[in-house]
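Visitor: A structural model of the following input is requested.
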Amino acid sequence: MSSNLDALYRRVIMDHYKNPRNRGVLEDGSHTINMNNPTCGDRIQLTLKVEDGIVVDAKQEGEGCSISMSSASMMTQAIKGKKIEDALKLSKIFSDMMQGKEVDEDIDLGDIEALQGVAKFPARIKCATLAWKAMEKSLKEENQD
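Guide: Purely as a prediction, here's the structure:
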């Protein structure tokens, strides 16, 4: 990756960290899940509102490193308006990206693409995937209701 692209990705990550999107908690009967990464202290509370199999709203709050918190911000933006199965598919694509696997270039990942460099730092992968694991768990539970 070029140093210009690295710098751009760092700016995108820091923007999401300093100006998190969808910060807060949904109070209207939404599904709430709490997860943490005990090895580094990252924690997230994710609330999702699902209607007719579609994620109509998503909020997140918590504390942790810039990778963890920016990933949560990006994830909530990416899944809003998506069908449950499409949000779960996006999570699988993100997981593959974190494992350094090739991702179909036709898929528009938006800001999430900025996190691809995390794959080079195995100790940080759990930071980046925490919010995604929370979303998967929440949507799989939602699908069973």
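
Visitor: select the longest helix from the protein.
Guide: helix 122-144 (DSSP state H).

Visitor: which elements pack onto it?
Guide: Identification of packing neighbours for helix 122-144 by 3 or more Cβ pairs under 8 Å, 6 or more residues apart in numbering; DSSP states H and E yields strand 31-37, strand 42-51, strand 54-63, helix 66-79, helix 84-98. Just so you know, the C-beta spots here come from the backbone N, C-alpha and C atoms, and that holds for glycine as well.

Visitor: out of the ones you listed, nearest to residue 15?
Guide: Comparing those against residue 15 with Cβ to Cβ, the closest turns out to be helix 66-79 (7.9 Å).

Visitor: relative orientation of that closest one and strand 31-37 in degrees?
Guide: When axes from the mean of the first three to the mean of the last three Cα atoms, to 10 degrees is applied, the directions of helix 66-79 and strand 31-37 differ by 150 degrees.

Visitor: quick one: average pLDDT of helix 66-79?
Guide: The average pLDDT for helix 66-79 rounds to 97.

Visitor: what angle do it and strand 42-51 make?
Guide: Orientation check (the same axes, to 10 degrees): helix 66-79 against strand 42-51 gives 10 degrees.

Visitor: sorry, back to before: hey, which of the helices and strands packed on helix 122-144 is tucked in deepest?
Guide: A comparison of the helices and strands packed on helix 122-144 by mean neighbour count, using mean count of other Cβ atoms under 10 Å, puts helix 66-79 on top with a mean of 25.

Visitor: residues in contact with that helix: which ones?
Guide: 12-17, 20-23, 37, 40, 42, 44, 46, 48, 55, 58-60, 62-63, 87, 90, 94, 109-112, 114-115, 118, 124, 127-132, 135 (Cβ atoms under 8 Å, 6 or more residues apart in numbering).
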